[in-house]
Structures are given as structure tokens and as C-alpha cells.
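Visitor: give me coordinates for this.
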Amino acid sequence: MGITKLADLIRIAAPDAISYKDISDYTGKVIALDTSIIMNQFRTAVPKLNFLSPMTGIFFRTLTFLEHDIKPVFVFDGKPPGEKLAVLERRAETAGWGSPNRSGAASSQTKECLQLLKLLGVPILQAPGDGEALCARLVSEGTADAVASEDMDTLPFGAGLLIRQLNAKKDSEVIEYSLPKILEKLKLSQEETHPVPHFWQYQEARKLFLEGARTVAQELVWTEPDEEGLVQLLCTTHHVKEPRIRGRMVKFREAREKKRKEREERKSGPSRQMRMEDFFRVTRKRKQQMDGAEAVPSKASKKT
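Guide: Residues are numbered from 1 along each chain as shown. A predicted model of the protein is given here:
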């Protein structure tokens with residue numbers, strides 16, 4: 001649904017809760033992905049290819065995650081709560097789509113994306129309601145390490161770690177939000193401690209965020225991508241050029257093999273002389289963002 005100016009509030013009042021990372025910092029992590037956000041991003045980016053763009057976008061992005069040894073879990077929305085329908089109507093109108101999905105039934109495009117993800121060998125979960133609520137629950141229960149979503153609602157749903165801009169682009173800076181640090185700095189709890197306007201339906205909102213998804217997550221399993229199945233779906237059915245898909249799969253296998261060899265060398269290889277860059281990872285300089293007297297730190301320290 002979105003909480004107005006929440007990102008701005010955190011940036012100004014709790015800047016220490018924000019870290020700036022690289023995609024490689026999430027190697028070995030299980031990341032719950034709010035799939036509806038990803039699909040909408042690709043639909044908006046390439047509106048003329050409204051049906052196909054989420055398919056190809058998810059294909060390339062997922063392989064990049066797997067190359068970095070990130071374990072993605074794709075979570076799909078179920079039936080939206082009544083409180084969210086007005087927001088969904090506005091989003092559909094802005095994007096030029098038809099009426100929003102009120103029933104939670106999978107659209108033809110969603111079914112195609114589900115098939116694609118199964119062929120890529122990654123886990124898929126169906127939320128009973130909001131996808132970000134189930135994503136947050138996976139983190140709070142320890143099933144996932146973080147949620148990747150552009151929707152700040154994930155924080156009030158209880159996700160301890162929210163990642164934004166995990167888009168797999170080269171040199172893209174990932175923004176990480178720590179919920180415990182936010183609550184500590186703002187002197188808040190998940191239930192709230194501050195008075196709210198008398199006309200605001202805070203009890204309904206509190207119930208929605210605190211109860212979240214109550215389903216028990218199934219066992220998460222990652223398997224090898226099915227290249228022939230992917231070619232059949234993307235090339236034969238949707239007419240993506242086959243060399244494009246085959247070439248990306250070759251690159252994927254080569255990148256994964258390279259990383260495997262690097263891991264083996266680190267474990268069993270002889271000790272070598274350390275270089276200065278082995279101790280300090282070079283990071284890109286960030287322009288300071290000013291908001292009145294407040295400034296966002298140029299970078300945040302890495303977790304140890």
C-alpha cells in the first residue's frame with residue numbers, strides 16, 4: 001500500500017539504519033523477492049513488450065543472482081486486502097492497465113512467469129494476501145536473510161532487513177534498511193507508540209501489518225536450470241531469439257564454474273602474499289545528499 005514519505009523519514013531521522021552495498025555482499029544469502037514489484041518494473045520499462053518483458057527480464061536477472069550464489073525465493077501475491085484496492089486502482093490507472101486483480105487468481109502472464117521460474121530451478125511461494133507480508137515473515141522466521149522489494153511496506157510487516165535496488169545491473173548500488181536500527185532510533189515498536197489522527201483507521205492498519213501471512217513456508221529447494229525447457233518456453237513459444245538465450249546460459253555456466261574454482265582455491269590452495277586490495281574492498285564514492293541540515297553518509301560500514 002505504501003507509507004507516504006517513509007523512506008524520507010528514515011533517511012533524515014535514522015540514517016545509521018541505511019547501508020549501501022554491492023550485489024556481491026549477498027553471496028550465499030537467501031533473498032525473498034516480492035515478484036509483483038519485479039514484474040511491474042519490467043512492464044513499465046518496456047510497455048510495448050508488455051507481455052514478454054517480465055519474462056525476459058526475470059530470466060536474465062535470476063541467472064545473475066544465481067551467478068553470485070544468491071538464493072532467490074520468488075513470492076507471488078494472493079488476494080489483496082480490501083484496504084489496498086484503492087491503491088491498486090490508482091496504480092493500474094497510472095500504468096494504463098485494466099482493472100487490478102481483485103480475486104488473487106493468477107493472470108496468464110503470472111502463469112507464464114511461474115513456469116519460467118520453475119524451469120530456472122528456483123523456489124516459488126504463493127502468499128495468501130500481500131506478497132511483501134509473506135516475504136517479511138520468511139525473514140522474521142529465519143527462512144530468508146532479507147527481502148528484496150521497492151515497497152517500503154515490507155518494514156512495517158516486520159522484515160528485519162529490506163533491500164532496495166537489487167536489480168542485478170553492473171555498478172548498481174544496493175540500499176539496505178535495518179528494521180531494528182530504525183525502531184531503535186525512532187523510539188518505536190512494531191505496535192506503535194505515538195498518537196495518530198483520530199480519523200485514521202490505525203487499528204485496521206495495525207492488524208494488517210502485524211498479523212501478516214500465517215502460512216507455513218514449504219521446504220525451499222534450488223535445482224539446476226532446465227535449458228531446453230527455457231528455450232522451448234522463451235524461443236519457441238514467445239519467439240525470443242534462441243542465440244540470445246543459449247548465449248546467456250553459456251555465460252551462466254562459465255561464471256558459476258569460475259566462482260566454484262575460486263572457492264576451491266581459497267579452501268585448499270597454498271597461502272599467497274596478500275595485496276592491499278584484499279584487505280579493503282574498493283567502493284564507489286557517493287555524492288552526499290542534503291536535506292536541510294541533514295546529510296546521508298557517503299557509505300556505511302560493512303557487516304563483519
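Visitor: tell me the contacts of the residue nearest to residue 28 when sequence neighbours are not counted?
Guide: Leaving aside its chain neighbours, residue 28 sits nearest to residue 69 (5.6 Å; criterion: CB to CB, 6 or more residues apart in numbering). For glycine as for every other residue, the C-beta is placed from the backbone atoms N, C-alpha and C. For residue 69, the contact set (CB atoms under 8 Å, 6 or more residues apart in numbering) comprises 27-28, 259.
Visitor: where does residue 69 land on pLDDT?
Guide: pLDDT recorded at residue 69 is 93.
Visitor: so how far is residue 62 from it?
Guide: Residue 69 sits 13 Å away from residue 62, going by CB to CB, to the nearest Å.
Visitor: now residue 137
Guide: Applying CB to CB, the value for residue 137 to residue 62 is 22 Å.
Visitor: swap in residue 43?
Guide: 17 Å.
Visitor: which of these two has more neighbours?
Guide: residue 62 (23 against 19; other CB atoms under 10 Å).
Visitor: how about the more buried one, secondary structure?
Guide: Of the three states, residue 62 takes helix according to DSSP: H, G, I helix; E, B strand; the rest coil.
Visitor: pull the residues that contact stretch 132-140.
Guide: Stretch 132-140 is contacted by residues 32-34, 73, 75, 125, 127-128, 144-147, 149, 151, 153-154, 157-161, 209, 212-213, 215, 217 when judged by CB under 8 Å, 6+ apart.
Visitor: which helices and strands sit right next to the longest helix along the chain?
Guide: In the chain, taking DSSP state H as the definition, the longest helix is helix 242-268. Counting contacts by 3 or more CB pairs under 8 Å, 6 or more residues apart in numbering; DSSP states H and E, helix 242-268 is packed against helix 52-67, helix 227-231.
Visitor: pull out the buried residues from that helix.
Guide: Across helix 242-268, burial judged by 16 or more other CB atoms under 10 Å covers 245, 248-249, 252.
Visitor: all strands of this protein, in order?
Guide: Using DSSP state E, the strands of the chain run over 18-21, 30-34, 71-76, 124-126, 146-148, 161-164, 174-178, 290-291, 294-295.
Visitor: between the buried residues of helix 242-268, which is nearest residue 15?
Guide: Closest approach between the buried residues of helix 242-268 and residue 15, by CB to CB: residue 252, at 37.3 Å.
Visitor: list the contacts of the closest one.
Guide: Per CB under 8 Å, 6+ apart, neighbours of residue 252: 63, 66-67, 225.
Visitor: try 10 Å this time
Guide: Residue 252 makes contact with 60, 62-64, 66-67, 225, 227, according to CB atoms under 10 Å, 6 or more residues apart in numbering.
Visitor: same thing with residue 4?
Guide: Residues counted as contacts of residue 4 (CB under 10 Å, 6+ apart) are residue 152.
Visitor: need the pLDDT of it.
Guide: Taking residue 4 on its own, its pLDDT is 71.
Visitor: can you check residue 51 too?
Guide: Residue 51 is assigned 55 on the pLDDT scale.
Visitor: what ranges does the stretch 1-150 of the chain have for its helices?
Guide: Along the stretch 1-150 of the chain, the stretches classed as helices by DSSP state H, counting those that start in this stretch are 6-13, 35-45, 52-67, 85-95, 108-120, 131-140.
Visitor: of all these, which one is nearest residue 184?
Guide: Comparing the helices of the stretch 1-150 of the chain by CB to CB, helix 6-13 comes nearest, at 11.5 Å.
Visitor: buried residues, that closest one. List them.
Guide: Neighbour-count burial for helix 6-13, counted by 16+ other CB under 10 Å, picks out 7, 10-11.
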